[in-house]
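Peer 1: what follows is a predicted structure for the sequence shown.
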Amino acid sequence: MESSVSSQESGLSGGARALVSLTTTELAAALRARQVSAVEVLDAFLSRAHQHNPALNAVVTWDEARARERAAQADAALARGELWGPLHGVPFTLKDAWSTAGLRTTSGHPNLAGYVPSEDATVVARLKAAGAILWGKTNLPPFASDYQTHGPLLGRANNPHDLGRTPGGSSGGAAAAVAAGLTPFEVGSDIGGSIRLPAHFCGIVGIKPTEHRVSSAGHVPDLPDGPRHVRHMACSGPLARSVADLRLILSLIEGADPRNPEVPPVAPLGAAQPRALKGLRVAWADTLGPLGSLFRADASTRQLLERFTTTLRAEGVVVEHAVPEGMDFADLLEVWGLVEGGEVGAPLP
């Protein structure tokens, strides 16, 4: 096993280490209360990134000068009593599939090595409007199309828990950066596991929201200034260190967008309402039915599911271990592959 980021800790002061270990929600609260400055927070994350990114190759494009200027402006605004939004002064990075005005956006593909958009993606614009400060872009496989993160343009990203292993893909650089404390949160994209897999591999939390909950305007693929091909299954959502962070970030990036008319003008999710569990029915499975010999949860995942369902039963939930009857998972998998391959692959040579 190769070394991990945690085994190489050095160089940061105790205060800086404390800052980079905070969740997004905690950082935002501390900044609003002026317990710490935006400049101090940004410096802490940049120092950690400079220390550990050479081994991780998670961050592939840096925008330090503009981020430092914006952090100073954030502190000055708070001193005047001006609050930009829920993420005032919080630094962040973004998967390099999101278009960023004035900052190169490659989607990991050599053909876009020099592409610099003139406009932010909707997700980027909304995070900036909420007061967050973008300082870098993170690694991904070419056109976000692999379960690990490596490619001819950006190279290989490594897992911070074991540098010899992958952080997953396609939001691998994003997940590695969050897990290693280089950034408090990220926004990934997912058509077949690209948020969920890296979150799992790196030991953080992520969510693939309902399709069309979050606008994909400015996401690459599709190619810049080209026709829209990716119209189904592709979803965008946050990666972070706490579920509270996921709720916060998702609430800021979701919602209708004139640039992406397929996003419906529905109300935000809001807070979940407590309800009694007794009498609810839950089915769970650790295989995909007839494909069980190929797709089966590993031992640790099964143990976790069994502990969870045992707890549910104790609360009066009716729990059944079952796979839906009549589901042809082999056929479903083939259809998914055809749709994903057709839409993502359409603009490729």
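Peer 2: Perfect, thanks for sending it.

Peer 1: in this protein, which helix is the longest?
Peer 2: In the chain, taking DSSP state H as the definition, the longest helix is helix 38-56.

Peer 1: pull out the buried positions in it.
Peer 2: Going by neighbour count (16 or more other C-beta atoms under 10 Å), the buried part of helix 38-56 is 38-49, 51-53, 55-56. Yep, even glycine has a C-beta here, placed from its N, CA and C like the rest.

Peer 1: and the contacts of the next helix or strand after it?
Peer 2: Counting by DSSP states H and E, the next helix or strand C-terminal to helix 38-56 is strand 59-62. Contacting residues not belonging to strand 59-62 are listed as 49, 53, 93, 96, 103-104, 106, 135-139, 154-155, 173, 177, 182 [C-beta atoms under 8 Å, 6 or more residues apart in numbering].

Peer 1: for the spatially closest residue to L291 that is not a sequence neighbour, what are its contacts?
Peer 2: The shortest distance from L291 to any non-neighbouring residue, by C-beta to C-beta, 6 or more residues apart in numbering, is to F329 (4.9 Å). Shown in contact with F329 (C-beta under 8 Å, 6+ apart): 288-291, 295.

Peer 1: got a pLDDT number for F329?
Peer 2: Predicted confidence (pLDDT) for F329: 83.

Peer 1: and the gap between it and P264?
Peer 2: Distance, F329 to P264, by C-beta to C-beta, to the nearest Å: 29 Å.

Peer 1: now swap in T23 and tell me
Peer 2: T23 is 30 Å from P264, by C-beta to C-beta.

Peer 1: please identify which of the two sits among more neighbours.
Peer 2: T23 (17 against 9; other C-beta atoms under 10 Å).

Peer 1: now the end-to-end length of stretch 205-221.
Peer 2: Start-to-end span of stretch 205-221 (C-alpha to C-alpha, to the nearest Å) is 24 Å.

Peer 1: skipping adjacent residues, who's closest to G203 in space?
Peer 2: G203 sits nearest to A179 (C-beta to C-beta, 6+ apart), 5.9 Å away.

Peer 1: scratch that, S4
Peer 2: Closest to S4 by C-beta to C-beta, 6+ apart is H161, at 5.1 Å.

Peer 1: surely that neighbour and C202 touch.
Peer 2: Yes. Between H161 and C202 there is a contact under C-beta atoms under 8 Å: 7.1 Å.

Peer 1: same for the helix-or-strand element of the chain with minimal mean pLDDT, what does it pack against?
Peer 2: One helix or strand of the chain scores below all others by mean pLDDT, DSSP states H and E: helix 14-20, with a mean of 85. Secondary-structure packing of helix 14-20 (3 or more C-beta pairs under 8 Å, 6 or more residues apart in numbering; DSSP states H and E): helix 38-56.

Peer 1: which segments of the protein make up each domain?
Peer 2: 15-253, 281-346 (the TED database).

Peer 1: and the last one, how far out from the chain middle?
Peer 2: Read that as domain 281-346. 23 Å (C-alpha atoms, centre = their mean, to the nearest Å).

Peer 1: pull up the distance across that domain, start to finish.
Peer 2: First-to-last residue span, domain 281-346, C-alpha to C-alpha: 42 Å.

Peer 1: still on that earlier bit, okay, the contacts of F329 in a markdown table with pLDDT and neighbour count next?
Peer 2: Listed next are the contacts of F329 as a markdown table, based on pLDDT from 0 to 100; neighbours: other C-beta atoms under 10 Å:
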| residue | pLDDT | neighbour count |
| --- | --- | --- |
| L288 | 80 | 18 |
| G289 | 74 | 16 |
| P290 | 72 | 13 |
| L291 | 70 | 15 |
| F295 | 80 | 13 |
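
Peer 1: which of the residues you listed sit farthest apart?
Peer 2: P290 and F295 (10.0 Å; C-beta to C-beta).
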